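*Asks:* Whatever this is, show me its structure:
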Amino acid sequence: MYFFKYLSFTFTEPDHVCPDLKCAPALTIAPMINRPVDIVFFVDGSERSGKENFVKTLHFIHHLSQELTLAKKDNDHKGARIAVLQYGGETQQDLLLDFSYSVNNFQSQITRAVYQESSSYLGSAIIYAVDNLINNRAGNFQGVRQNAEISFVFMTDGVTNDKSIAEGIEAIRKNNIVPSAIAVGSDIDHGRLHELVLKEHTSLFMIQQYADLLSTRFVRHMAYWLG
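*Replies:* Below you'll find the predicted structure:
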């Protein structure tokens, strides 16, 4: 039995959906004062999302970047940097944006992005991100800051191929990565989403439709959550 946080824009506070169980109290998020955090957004490029929703997801990330306190340079001891990875087939990982603190870069990646309309192998994308963006084994990417919290944000309904999921989740644990997930609609895999956030129910956000991603209230809520 799982706990999930369901964000409804009819109310002033998020609702908790807890089938057959007493709901947990409303989450109180301690303010994070400009802490260093490197965030990777995993954007669904599979045919389940659709091109229009893919674009809305990118616009959400752009709006979110305007609400976050961003770093001022790559080696800044404060603020956030953002990377965006589109995932699709088993070997289809498309890095739309390496770690950046530039709002202009976030805007330009929206116009450059090409929707894959493929299958979904999120596990392979997680391993790719850990090996290349986090550990930067080949030295081809920005890499994470030494003092930064690492956050993975999965934009997914949880419906994805099982291959490499277990390995990906283990890589998240081993590298002390803080995962969150944003799921849209009702056709979702609750169990898989629960796995992705390491069974931390407060890290799972559920909204009714993709248009809600662009709500000012939701964007600010996520900015507060991510720091």
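*Asks:* only C-alpha atoms for contact and neighbour calcs from this point on.
*Replies:* Fine.
*Asks:* Are we agreed that Phe41 is in a strand?
*Replies:* Yes: residue state for Phe41 (DSSP: H, G, I helix; E, B strand; the rest coil) corresponds to a strand.
*Asks:* ok, now which ones touch it?
*Replies:* Applying C-alpha atoms under 8 Å, 6 or more residues apart in numbering to Phe41 gives the contacts 82-85, 152-155.
*Asks:* swap the cut-off to 10 Å and go again
*Replies:* 57-58, 61, 82-86, 96-97, 151-155, 180-181 (C-alpha atoms under 10 Å, 6 or more residues apart in numbering).
*Asks:* Now do it, the pLDDT please.
*Replies:* pLDDT, Phe41: 98.
*Asks:* Quick check: the gap between it and Tyr210.
*Replies:* 16 Å (C-alpha to C-alpha, to the nearest Å).
*Asks:* Which elements pack onto the strand or helix carrying Val55?
*Replies:* Here Val55, judged by DSSP states H and E, is contained in helix 51-67. Other elements packing on helix 51-67 under the criterion 3 or more C-alpha pairs under 10 Å, 6 or more residues apart in numbering; DSSP states H and E are strand 37-44, strand 80-87, helix 103-112, helix 216-226.
*Asks:* In the sheet, which strands lie alongside the first one, parallel or antiparallel?
*Replies:* Under the criterion DSSP bridges, strand 37-44 sits next to strand 80-87 (parallel), strand 149-155 (parallel) in its sheet.
*Asks:* between that strand and helix 51-67, how big is the angle?
*Replies:* 170 degrees (axes from the mean of the first three to the mean of the last three C-alpha atoms, to 10 degrees).
*Asks:* cool, and the third one?
*Replies:* Angle of helix 103-112 versus helix 51-67, following the same axes, to 10 degrees, is 180 degrees.
*Asks:* Check the offset of the helix or strand hosting Ser124 from the chain's centre.
*Replies:* With secondary structure defined by DSSP H and E, Ser124 is part of helix 122-128. Its chain's C-alpha centre and that of helix 122-128 lie 13 Å apart, by C-alpha atoms, centre = their mean, to the nearest Å.
*Asks:* now for it, which elements pack on it?
*Replies:* So helix 122-128, by 3+ C-alpha pairs under 10 Å, 6+ apart, packs with strand 37-44, strand 80-87, strand 93-100, strand 149-155, helix 165-174.
*Asks:* Pick out the residue nearest the middle of the protein.
*Replies:* Val153 (1.6 Å; C-alpha atoms, centre = their mean).
*Asks:* Could you double-check that that residue sits in contact with Ala223?
*Replies:* No: under the criterion of C-alpha atoms under 10 Å, Val153 makes no contact with Ala223, lying 11.9 Å away.
*Asks:* circling back to that earlier point, could you check how far the residue nearest to the centre of the chain is from Leu213?
*Replies:* Distance from Val153 to Leu213, by C-alpha to C-alpha: 14 Å.
*Asks:* Show the low-confidence segments of the chain, by residue range.
*Replies:* 1-33 (pLDDT under 70).
*Asks:* closest to Leu204 out of the helices and strands packed on helix 122-128?
*Replies:* strand 149-155 (9.5 Å; C-alpha to C-alpha).
*Asks:* what distance separates the closest one from the middle of the whole chain?
*Replies:* Put simply, strand 149-155 sits 5 Å off its chain's centre (C-alpha atoms, centre = their mean).
*Asks:* and it with helix 165-174, angle?
*Replies:* Using the same axes, to 10 degrees: strand 149-155 against helix 165-174 is 150 degrees.
*Asks:* Please save the CA atoms from strand 149-155 in CSV.
*Replies:* This file holds the C-alpha atoms of strand 149-155, laid out as CSV (Å, rounded to 0.1, in the frame of the first residue of the first chain):
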residue,chain,number,x,y,z
GLU,A,149,23.3,18.0,-3.5
ILE,A,150,22.4,15.9,-6.5
SER,A,151,18.7,15.7,-7.4
PHE,A,152,17.0,13.6,-10.1
VAL,A,153,13.5,14.7,-11.2
PHE,A,154,11.7,12.1,-13.2
MET,A,155,8.9,13.5,-15.5
